[in-house]
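Undergrad: curious how this folds, go ahead:
(2 chains)
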Protein chains: 2
Amino acid sequence: METISATSPADFHCHLRQPPMSSLVTPHVLKGGFRLAYIMPNTKPPITTTAQAVEYKQLLQKLEPNVEFLMTLYLSPDLTPEEVKKAKAAGIVGVKSYPRGVTTGSEGGIESYEVYYPVFQAMEEAGLVLNLHGEVPSDASKNICVLNAEIAFLPHLIKLHTRFPKLKIVLEHATTRQAVEAVKSLGDTVGCTITAHHLAMTADDWAGNSWHFCKPVAKFPDDRQALQDVIREGHPRFFLGSDSAPHPPTSKSTAMPSSPCAAGVYTSPVLLPLVAHLLESFGALDKLEAFVSTNGRKFYAREVAHGTAPVKLERSPIRVEEEWKMGEEAVVPFWAGKQLNWSIAQ
Amino acid sequence: METISATSPADFHCHLRQPPMSSLVTPHVLKGGFRLAYIMPNTKPPITTTAQAVEYKQLLQKLEPNVEFLMTLYLSPDLTPEEVKKAKAAGIVGVKSYPRGVTTGSEGGIESYEVYYPVFQAMEEAGLVLNLHGEVPSDASKNICVLNAEIAFLPHLIKLHTRFPKLKIVLEHATTRQAVEAVKSLGDTVGCTITAHHLAMTADDWAGNSWHFCKPVAKFPDDRQALQDVIREGHPRFFLGSDSAPHPPTSKSTAMPSSPCAAGVYTSPVLLPLVAHLLESFGALDKLEAFVSTNGRKFYAREVAHGTAPVKLERSPIRVEEEWKMGEEAVVPFWAGKQLNWSIAQ
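TA: Next up, the predicted model:
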């Protein structure tokens, strides 16, 4: 049977929430073929201190001992240059910035970057990574809505990189050609994650389907093309960050008009087969290992030890589960019920 | 109490479906303050012949004798120049064109206009109006999705108007600045309808909320601004067509990911108060009568008789009903539960 493999796949953008949802979704990282997960801090309450992040990591490690969890802090006024040093000493890898109000758990997000320059200075010195949710808040007076919120953010990315050229910055979940081109134009300290679902969707997919609604929203076919192209060309600073985001079905459906749905698409339990399926669909299957492991690990200086056994996929179709459940918790995966051409070899 | 009035309001784009839904929604035209409704032919099956349209009109007139119903035919290969003459003689006013697959009931829609030139010729001679759903089908290879489907349609509008300068054409439910500018640039035989909900929404409103999903989708804040501006400036070729589209709640909610929702927003039962509320919000309340009556009636040569009693609104807040029901049928109106500043004086 035809097979393909990737050494120690790493998901550089993952949401594992807090208990009891964590208990359901944390083992899905391994199930989906991944050995490393870079954990977002927008839990409720958010992870704003080193102590919280260390405790959170212990919880996750207990739930799934066979995955390496890299931890982040939520950028907020609680984060001081002193805390940055402490975080670095405790093994925390990055700091995530959410502009206020643009997605799940961003109510405490930032409104201006200048006030954080001393923190970024400390991060640059300590070697912590700045992870950017690259959207500005909607503002009708500036003609900004979900459709152009990412493009309007790019000047902030460029400004931060110019001011802190040695600070490692990751533009998370890029969705537009402009974002891809901006990242390409910047220096080696700027990386970019791409999700699996943004390789699959355009605006047509979430128009009228709240289950496909995520932030940033999927854009034009040409934007999707740019994401696919940059992977196919093997650009080393673009790598997988799934942004896999579990929400209970009641938060994703829109049973009543007064309850618009939560932003997020859940891909963890089928992530590697899904990525292989998608890469093959646009002729980039030969870039699978680079996209899901090598590129991201190199950017984060988390290269795998020589001789690490690869995760093997075989061309044996699987059907995506309709739902995952544990006790009261449930989550519906992206492409539920659809067939993928690849599955993890047991 | 402060009042405002409009003489014999006319809704130049309305969906009244077939029984049993018709029984619920047809009386809502009058309830919403309107005396004339221009009826879309995308019923199931569609209204493709004069005989069907005449029968449909009788049904609607029986359900609500105090509204004047203007009838249209669905553009399809069934429509011949002979049928156009027959339609004119029977009092049918227009022909609606749906590009294939772009909205509710458009499965039988057109793929190319050239084959209909003999029909358009006959319509121009007979004085029938061509009503255009102005979107092209999504096509990833041409970078077309719901976001730019209207802009990509505009060359068709311009070409049709150039070829048939005396044919009255209405670009229905415009949603973009480009559409407004295209219509303004064309001759007096080209009109344009604007819905109430597109005066209220941007893409942010339907992102994650299937109840606000309609075709064409609401676009950028600047597009909404262009729609508001052209009403405020009192341009005579822009007028109300609500595109009020009743769907059962099960078709609008997205209980499961496999069932994306129907396109359409329902405004009929509160239409005049809603339009007054919205026009006031952007400083165009003095254009209420022009927008809901004078402009459209003039374009369609349906001016009201001198001395017709106006419909009066008073500044007395009402709350939009959560749901309308009749037997098994139900429909949830736009802005359900919200307050409007104006109500119809009894």
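
Undergrad: what's the average pLDDT for stretch A:149-169?
TA: For stretch A:149-169, mean pLDDT is 97.

Undergrad: pull out the buried residues from it.
TA: Buried positions in stretch A:149-169, judged by neighbour count with 16 or more other C-beta atoms under 10 Å in any protein chain shown: A:149-154, A:156-157, A:160-161, A:164, A:167-169. In short, each C-beta sits where N, CA and C put it, glycine included.

Undergrad: and it, how far from the chain's centre?
TA: Centroid separation between stretch A:149-169 and its chain, computed with C-alpha atoms, centre = their mean, to the nearest Å, is 18 Å.

Undergrad: can you tell me what sits against the worst-scoring helix or strand of chain A on mean pLDDT?
TA: In chain A, no helix or strand scores lower on mean pLDDT, DSSP states H and E than helix A:249-252, which sits at a mean of 89. Identification of contacts with helix A:249-252 by C-beta atoms under 8 Å, 6 or more residues apart in numbering or on different chains yields A:210-211, A:261-262, A:264, A:323, A:330-332, B:257.

Undergrad: redo those residues as JSON lines? Include neighbour count.
TA: Listed next are the contacts of helix A:249-252 as JSON lines, based on neighbours: other C-beta atoms under 10 Å in any protein chain shown:
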{"residue": "A:210", "neighbour count": "28"}
{"residue": "A:211", "neighbour count": "29"}
{"residue": "A:261", "neighbour count": "21"}
{"residue": "A:262", "neighbour count": "20"}
{"residue": "A:264", "neighbour count": "23"}
{"residue": "A:323", "neighbour count": "13"}
{"residue": "A:330", "neighbour count": "16"}
{"residue": "A:331", "neighbour count": "26"}
{"residue": "A:332", "neighbour count": "23"}
{"residue": "B:257", "neighbour count": "22"}
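
Undergrad: just those now: which is nearest residue B:39?
TA: Top of the list for closeness to residue B:39, among the contacts of helix A:249-252 and by C-beta to C-beta, is residue A:210 at 30.9 Å.

Undergrad: contacting residues around that closest one?
TA: Residues in contact with residue A:210 (C-beta under 8 Å, 6+ apart) are A:252-254, A:260-261, B:208-210, B:254.

Undergrad: what's the closest of the residues you listed to residue B:307?
TA: Nearest to residue B:307 among the contacts of residue A:210, with distances taken as C-beta to C-beta, is residue B:209, at 44.7 Å.

Undergrad: pretty sure residue A:127 contacts residue A:88?
TA: Yes: Residue A:127 lies in contact with residue A:88 (C-beta atoms under 8 Å); the separation is 6.7 Å.

Undergrad: where in the stretch 201-346 of chain A is pLDDT low?
TA: Where the stretch 201-346 of chain A drops to pLDDT under 70, the residues are A:256, A:258-259.

Undergrad: residues from it in reach of chain B?
TA: Within the stretch 201-346 of chain A, the positions lying close to chain B (C-beta under 8 Å from any C-beta of the partner chain) are A:202-204, A:206-213, A:217, A:219-222, A:224, A:252-258, A:260-263, A:332, A:336-337.

Undergrad: just the buried residues of those residues.
TA: Looks like these have A:202-204, A:206-213, A:217, A:219-222, A:224, A:252-257, A:260-263, A:332, A:336 buried, using 16+ other C-beta under 10 Å.

Undergrad: show me where the stretch 151-300 of chain A has helices.
TA: A:177-185, A:197-200, A:203-206, A:221-232, A:249-252, A:271-281, A:288-289, A:295-299 (DSSP state H, counting those that start in this stretch).

Undergrad: next, the buried residues of the fifth one.
TA: By neighbour count, with 16+ other C-beta under 10 Å as the criterion, the buried positions of helix A:249-252 are A:251-252.

Undergrad: for stretch A:186-199, same thing?
TA: A:186, A:189-199.

Undergrad: for it, list the C-alpha coordinates in PDB.
TA: What follows is stretch A:186-199, C-alpha atoms only, in PDB (Å, rounded to 0.1, in the frame of the first residue of the first chain):
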ATOM      1  CA  LEU A 186      10.000  40.400   5.800                       C
ATOM      2  CA  GLY A 187      13.100  38.900   7.500                       C
ATOM      3  CA  ASP A 188      13.900  35.400   8.800                       C
ATOM      4  CA  THR A 189      12.500  36.200  12.200                       C
ATOM      5  CA  VAL A 190       8.900  36.400  10.800                       C
ATOM      6  CA  GLY A 191       7.100  33.100  10.400                       C
ATOM      7  CA  CYS A 192       3.500  32.400   9.500                       C
ATOM      8  CA  THR A 193       1.000  29.600  10.300                       C
ATOM      9  CA  ILE A 194      -1.600  28.300   7.900                       C
ATOM     10  CA  THR A 195      -4.600  26.200   9.100                       C
ATOM     11  CA  ALA A 196      -5.900  23.100   7.300                       C
ATOM     12  CA  HIS A 197      -9.400  24.500   7.000                       C
ATOM     13  CA  HIS A 198      -8.200  27.700   5.200                       C
ATOM     14  CA  LEU A 199      -6.600  25.500   2.600                       C
END
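
Undergrad: check whether that stretch contacts chain B.
TA: No: Stretch A:186-199 does not reach chain B (C-beta under 8 Å from any C-beta); its nearest approach is 12.3 Å.

Undergrad: from chain B, how far off is residue A:46?
TA: Look at residue A:46 and chain B: by C-beta to the nearest C-beta, to the nearest Å, they are 22 Å apart.

Undergrad: surely that residue is in a helix?
TA: No: going by DSSP: H, G, I helix; E, B strand; the rest coil, the assignment for residue A:46 is coil, not a helix.

Undergrad: could you find the closest non-adjacent residue to it?
TA: Among residues not flanking residue A:46 along the chain, residue A:74 sits closest, at 4.0 Å (C-beta to C-beta, 6 or more residues apart in numbering or on different chains).

Undergrad: tell me the bridge partners for the one you found.
TA: Beta-bridge partners recorded for residue A:74 (DSSP bridges): residue A:96.

Undergrad: wait, residue A:40 touches residue A:14, no?
TA: Yes: under the criterion of C-beta under 8 Å, residue A:40 makes contact with residue A:14 at 6.6 Å.

Undergrad: so how far is stretch A:136-150 off the chain centroid?
TA: With C-alpha atoms, centre = their mean, you get 22 Å for stretch A:136-150.
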